[in-house]
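Asks: no sequence on hand, only this structure:
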Ligand code: S3P
């Protein structure tokens, strides 16, 4: 089946989904779909490269399909098919030195901030004019963090000074290398600047206030472009060119966080998530759970390309303690704050996530959504400046008949679903179908773990 068809076996969900308690504790071995960040990069880098790349383990989700659709519209030949395990595999023949083709119309990035922001860097060095747009959520998300440095390098965006999509980008074949101090720790920003920097004359360097995920720095050399990376600095020297590579995508730690946290919420559970990326820039949630006293461990099993890979094991732990998560660690668990908040809600004492202002500009305002959702559970959570504080309530009893609103945000949908799955009473989640953005088979995978 080609990726132009809807993803195989994805269950359809109505406007309200009743999530029933799992019949037994979670146990056994879990597998989660391919890493979303690495999948986007594999597709985009292969499209930029000269020659034919072979990709496997690619996440089949709406977000990654947005990237696949975008590179096809720009002239790459992506032949990716759904595999028996639900992943995508196949080939991508890139545009290489010819550059991307002028697309027929706007490129719709759907819900995918990664697609939109990384594409801005991909397009910056080429003489094309491309309108980028997205769904309602993506059209609310800030883009100036990307357009500002790319404009310094020589790309143009119209309407000038506009913060949100739709934006029309015109690339520039004579990009200038820059030395840039990023205002926030964002791998999307870092990647956009580095991808443009590949084609600029000289060394482009980006410094960040805290280390963000480094998949780009690790994968670009696989495509023949050396990068320099230190704790809070990444650079690339251009002009250079990408050549085709083979990429095997490991499982997504951000998806693994759901069964791991579910096991900490449902007494008697014990499970291992196999074959996930163990990038230290991504498994901050494991470190946080350890500090809360959870029985959780990682086992390194080698590498996929330059990405460390292995297993995460967890067992239900009776007493968890609240903890403070320092600002420097937030980027390593930024997408896991909603589900960690649910674990913090049953810990003893207060948990504080320092400086989580970035959560306000994710697929939804996740800071407000976490506080509202925990309030339905009777758990007190509040902000103090940009910090999120949660008063743990170990004696928590989930009331009957709760209705959570996912607000169309996949990570919120899965977080609130865990309340029903791991509890004693069902809950309703509005617009649960948005899980297809990152983890289409979330519910069936969770049910399988309790059989
Ligand atoms: C991503 C980086 C993070 C993360 C997002 C994926 C990436 O965003 O929240 O889900 O693939 O680079 P920011 O870079 O904006 O923090």
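Replies: Everything's here; your move. Being a predicted model, the structure only gives us computed values, none of them experimental. Numbers count the residues shown, from 1 in each chain.

Asks: going forward, measure contacts and count neighbours with C-alpha atoms only.
Replies: OK.

Asks: around the ligand, pick out the residues from the stretch 1-150 of the chain.
Replies: Proximity of the stretch 1-150 of the chain to the ligand, by Cα under 6 Å from any ligand atom, involves residues 37, 114.

Asks: helix, strand or coil for the one residue in the stretch 1-150 of the chain that gets nearest to the ligand?
Replies: Closest residue of the stretch 1-150 of the chain to the ligand, Cα to the nearest ligand atom: residue 37 (3.7 Å). Under DSSP: H, G, I helix; E, B strand; the rest coil, residue 37 falls in the helix class.

Asks: burial count for it?
Replies: 22 (other Cα atoms under 10 Å).

Asks: spatially nearest residue to residue 181 (excluding sequence neighbours)?
Replies: Spatial nearest neighbour of residue 181, excluding adjacent residues (Cα to Cα, 6 or more residues apart in numbering): residue 207 at 4.9 Å.

Asks: try residue 247
Replies: residue 55 (4.9 Å).

Asks: again with residue 145
Replies: residue 189 (6.8 Å).

Asks: would the one you found count as being in a strand?
Replies: No: assignment of residue 189 by three-state DSSP gives helix, placing it outside any strand.

Asks: now the residue of the stretch 1-150 of the chain closest to the ligand: how far from residue 305?
Replies: From residue 37 across to residue 305, the span is 14 Å (Cα to Cα, to the nearest Å).

Asks: what pairs with the strand or helix carrying the residue nearest to residue 247, parallel or antiparallel?
Replies: Taking DSSP states H and E as the definition, one finds residue 55 inside strand 52-58. According to DSSP bridges, strand 52-58 forms sheet pairs with strand 88-93 (antiparallel), strand 246-248 (parallel).

Asks: how far is it from where the chain is centred?
Replies: Offset of strand 52-58 from its chain centre (Cα atoms, centre = their mean, to the nearest Å): 19 Å.

Asks: go on, stretch 434-446?
Replies: The answer for stretch 434-446 is 14 Å, by Cα atoms, centre = their mean.

Asks: same check on stretch 226-233?
Replies: Going by Cα atoms, centre = their mean, where stretch 226-233 is centred and where its chain is centred differ by 21 Å.

Asks: in this protein, what helix or strand scores lowest on average pLDDT?
Replies: strand 227-230 (a mean of 94; mean pLDDT, DSSP states H and E).

Asks: pull out the buried residues from that strand.
Replies: By 16 or more other Cα atoms under 10 Å, the buried positions in strand 227-230 come out as residue 227.

Asks: with stretch 367-385 instead?
Replies: 367, 369-374, 377, 379-383.

Asks: farthest pair within those residues?
Replies: 377 and 383 (17.3 Å; Cα to Cα).

Asks: surely residue 176 touches residue 150?
Replies: No: in terms of Cα atoms under 8 Å, residue 176 does not count as a neighbour of residue 150; the distance is 9.3 Å.

Asks: any idea of the mean pLDDT for stretch 357-373?
Replies: On average, the pLDDT along stretch 357-373 is 98.

Asks: mind checking the end-to-end distance for it?
Replies: For stretch 357-373, the end-to-end distance is 18 Å (Cα to Cα).

Asks: do that stretch and the ligand meet?
Replies: No: Stretch 357-373 is not in contact with the ligand by Cα under 6 Å from any ligand atom; minimum separation 6.9 Å.

Asks: residues near the residue of the stretch 101-250 of the chain found nearest the ligand, how many?
Replies: Residue nearest to the ligand within the stretch 101-250 of the chain: residue 186 (3.4 Å; Cα to the nearest ligand atom). Residue 186 is flanked by 20 other residues according to other Cα under 10 Å.

Asks: now it: closest residue in space, sequence neighbours ignored.
Replies: Per Cα to Cα, 6+ apart, closest to residue 186 is residue 212, 5.8 Å.

Asks: give me the neighbour count for the residue in the stretch 201-350 of the chain that the ligand sits nearest to.
Replies: Relative to the ligand, the nearest point of the stretch 201-350 of the chain is residue 335 (5.3 Å; Cα to the nearest ligand atom). Residues lying near residue 335 (other Cα under 10 Å) number 19.

Asks: and the helices in the chain, which stretches?
Replies: 36-48, 62-73, 113-123, 144-153, 187-197, 215-219, 253-265, 284-291, 337-344, 366-376, 410-422, 442-448 (DSSP state H).

Asks: next, format the ones you listed as TSV and append distance to residue 328.
Replies: Formatted as TSV, those follow (distance: least, Cα to Cα, whole Å):
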stretch	distance to residue 328
helix 36-48	20
helix 62-73	27
helix 113-123	22
helix 144-153	19
helix 187-197	14
helix 215-219	18
helix 253-265	18
helix 284-291	10
helix 337-344	14
helix 366-376	18
helix 410-422	22
helix 442-448	30
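
Asks: where does pLDDT dip in the chain?
Replies: Along the chain, the parts satisfying pLDDT under 70 run over 1-10.

Asks: can you pull the contacts of the residue lying closest to residue 119 once chain neighbours are set aside?
Replies: Spatial nearest neighbour of residue 119, excluding adjacent residues (Cα to Cα, 6+ apart): residue 192 at 7.3 Å. Counting by Cα atoms under 8 Å, 6 or more residues apart in numbering, residue 192 touches 117-122, 146, 150.

Asks: quickly note the distance from residue 192 to residue 41.
Replies: For residue 192, the distance to residue 41 - Cα to Cα - is 11 Å.

Asks: and for residue 392?
Replies: 38 Å.

Asks: ok, now residue 55?
Replies: Residue 55 is 11 Å from residue 41, by Cα to Cα.

Asks: what's the answer for residue 290, then?
Replies: The spacing between residue 290 and residue 41, counted by Cα to Cα, is 30 Å.

Asks: which one's more surrounded, these two?
Replies: residue 41 (22 against 15).

Asks: is it true that the more buried one touches residue 216?
Replies: Yes: with contacts counted by Cα under 8 Å, residue 41 reaches residue 216, the gap being 7.1 Å.

Asks: got the contact list for residue 26?
Replies: Contacts of residue 26 (Cα under 8 Å, 6+ apart): 262-263, 266, 268-271, 446, 449-451.

Asks: buried among these? Make that a PyMOL selection.
Replies: Selection of the buried residues among the contacts of residue 26 in PyMOL, burial being defined by 16+ other Cα under 10 Å:
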select buried, resi 262+263+266+269+270+271+446+449+450
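
Asks: can you list which of the contacts of residue 26 are found in strands?
Replies: Among the contacts of residue 26, the members falling in strands (DSSP state E) are 270-271.

Asks: which stretches of the stretch 301-450 of the chain form strands?
Replies: 307-315, 324-325, 350-353, 381-384, 387-391, 403-405, 427-430 (DSSP state E, counting those that start in this stretch).

Asks: in a markdown table: the ones you listed, plus distance to the ligand.
Replies: Shown next, in a markdown table, are those (distance: least, Cα to the nearest ligand atom, whole Å):
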| stretch | distance to the ligand |
| --- | --- |
| strand 307-315 | 14 |
| strand 324-325 | 16 |
| strand 350-353 | 15 |
| strand 381-384 | 19 |
| strand 387-391 | 16 |
| strand 403-405 | 20 |
| strand 427-430 | 21 |
